[in-house]
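>>> Build me a model from this:
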Amino acid sequence: DGYEIRWGGDFENLQSASKRLVIITPIVLLLIFLLLHTTFRSVRLALLIFLAVPMAASGGVFALALRDMPFSISAGVGFIALFGVAVLNGLVWVSAAENLRTKERVPVQDATFQAAMARLRPVLMTAMVASLGFLPMALSHSDGAEMQRPLASVVIGGLITSTLLTSLVVPAIYPWFAPRLKEVELDDFNSEG
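This next block holds a predicted model:
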């Protein structure tokens with residue numbers, strides 16, 4: 001009677017940060033989706049680009065498991081950063097394909113192939129530079145490294161999987177997600193081809 005146990009210090013801070021992360025992560029994902037929708041004015045294209053998020057998350061989870069690291073607040077922050085970079089890869093590719101289709105009047109299949117070829121190197125180089133930039137953090141053993149390693153591991157693992165999968169999956173399914181052009185534009189394609 002009258003006794004209670006309260007955890008304080010680092011544990012209390014961890015609990016507070018975990019609660020904030022549970023609130024912030026869905027908000028960040030919603031904002032990313034809304035920005036994509038605003039950019040393309042298409043739910044379908046926003047969903048296509050948003051597919052990079054689970055692809056990136058799978059790589060981040062795999063990297064944590066491979067390095068035998070538990071999920072932590074710094075890993076959660078790494079996932080948030082990773083989602084932004086992973087979505088950027090899909091955004092670069094889809095914007096190139098949409099530009100070919102709408103401005104240059106290239107048919108969907110040709111736009112898919114041309115965008116995949118033209119944007120492969122920039123997407124790979126962006127992912128490689130970001131991964132190499134996080135490598136020292138992932139391998140560090142200095143003071144405070146226990147906070148840096150999970151964040152860096154999540155970003156590196158997620159970038160590898162999301163870049164590979166985005167480069168393969170997004171071009172493969174883009175024709176099904178691409179908004180249909182108006183009948184007048186389709187007639188233009190048929191008369192030219």
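>>> now stretch 179-193: mean pLDDT?
The pLDDT scores in stretch 179-193 average 52.
>>> For Ala17, give its distance to Gly76.
8 Å (Cβ to Cβ, to the nearest Å). Bear in mind the C-beta positions are built from the backbone N, C-alpha and C, glycine included.
>>> in which helix or strand would I find the closest residue to Ala81 other than its chain neighbours?
Ranked by Cβ to Cβ, 6 or more residues apart in numbering and with sequence neighbours excluded, the top spatial neighbour of Ala81 is Val155, at 6.0 Å. Using DSSP states H and E, the element containing Val155 is helix 145-177.
>>> Could you give the separation of stretch 68-87 from the chain centroid?
Offset of stretch 68-87 from its chain centre (Cα atoms, centre = their mean, to the nearest Å): 11 Å.
>>> Alpha carbons of it, in PDB - could you do that?
C-alpha atoms of stretch 68-87 as PDB (Å, rounded to 0.1, in the frame of the first residue of the first chain):
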ATOM      1  CA  ASP A  68      21.600  -8.000 -34.900                       C
ATOM      2  CA  MET A  69      20.400  -4.600 -33.800                       C
ATOM      3  CA  PRO A  70      17.100  -4.000 -32.100                       C
ATOM      4  CA  PHE A  71      14.600  -1.400 -33.300                       C
ATOM      5  CA  SER A  72      15.500   1.900 -31.600                       C
ATOM      6  CA  ILE A  73      14.600   5.600 -31.800                       C
ATOM      7  CA  SER A  74      17.600   6.300 -34.000                       C
ATOM      8  CA  ALA A  75      16.500   3.400 -36.300                       C
ATOM      9  CA  GLY A  76      13.000   5.000 -36.400                       C
ATOM     10  CA  VAL A  77      14.500   8.300 -37.400                       C
ATOM     11  CA  GLY A  78      16.600   6.400 -40.000                       C
ATOM     12  CA  PHE A  79      13.400   4.900 -41.500                       C
ATOM     13  CA  ILE A  80      11.800   8.400 -41.800                       C
ATOM     14  CA  ALA A  81      14.900   9.700 -43.600                       C
ATOM     15  CA  LEU A  82      15.000   6.500 -45.800                       C
ATOM     16  CA  PHE A  83      11.300   6.900 -46.900                       C
ATOM     17  CA  GLY A  84      12.100  10.400 -48.200                       C
ATOM     18  CA  VAL A  85      15.100   9.300 -50.200                       C
ATOM     19  CA  ALA A  86      13.400   6.100 -51.500                       C
ATOM     20  CA  VAL A  87      10.400   8.100 -52.700                       C
END
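>>> any idea of the mean pLDDT in that stretch?
89.
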